[in-house]
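In: A predicted structure for the sequence below; I have some questions about it.
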Amino acid sequence: MATSHQFEKCYIRNPVSLNRSDLCAPTPYTPHPTPYTPHPTPHTLHPTPYTPHPTPHTPQPTPPTPQPTPHNPHPKPH
């Protein structure tokens, strides 16, 4: 049972509450917090794709057509 002193304190603390039953009854803490959904901007910076169009490394080598120099073991003297 709430004594007159406790009732007085509760009444001062909750002047709006007129029902003697819920004067000292703590209000259940249900603030209904906003759910943390900040909807962050999706990280889509649309970066320029790194395609520098490099020159394809295909030097197209000339097919080896070695015109064989006639093997002259005795070169002509100058």
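Out: Sure thing, it's come through.

In: residue 58 - how many residues pack around it?
Out: Applying other Cβ atoms under 10 Å, we find 6 residues neighbouring residue 58. The way it works is simple: take the backbone N, C-alpha and C, and place the C-beta from them, glycine included.

In: list the contacts of it.
Out: Contact analysis of residue 58 by Cβ atoms under 8 Å, 6 or more residues apart in numbering lists nothing.

In: pull up the gap between it and residue 47, please.
Out: Residue 58 sits 29 Å away from residue 47, going by Cβ to Cβ, to the nearest Å.

In: just give me the neighbour total for residue 35.
Out: Residue 35 has 5 nearby residues by other Cβ under 10 Å.

In: with residue 36 instead?
Out: Residue 36, neighbours per other Cβ under 10 Å, totals 5.

In: make 41 the first number, not 1, from now on.
Out: From this message on, residue numbering opens at 41, which makes the last subject residue 76.

In: could you say which helix or strand holds it?
Out: Per DSSP states H and E: residue 76 is located in neither a helix nor a strand.

In: just residue 100 next, same as before
Out: Here residue 100 is assigned to no helix or strand, by DSSP H and E.

In: for it, phi and psi?
Out: Note on residue 100: backbone dihedrals following degrees, to the nearest 10 are phi 50, psi 80.

In: for it, give me its contacts.
Out: Neighbour list for residue 100: empty [criterion: Cβ under 8 Å, 6+ apart].

In: which regions of the protein sit below the pLDDT cut-off?
Out: 41-74, 79, 83, 85-86, 93-97, 110-115, 117-118 (pLDDT under 70).

In: right, I'll leave it there.
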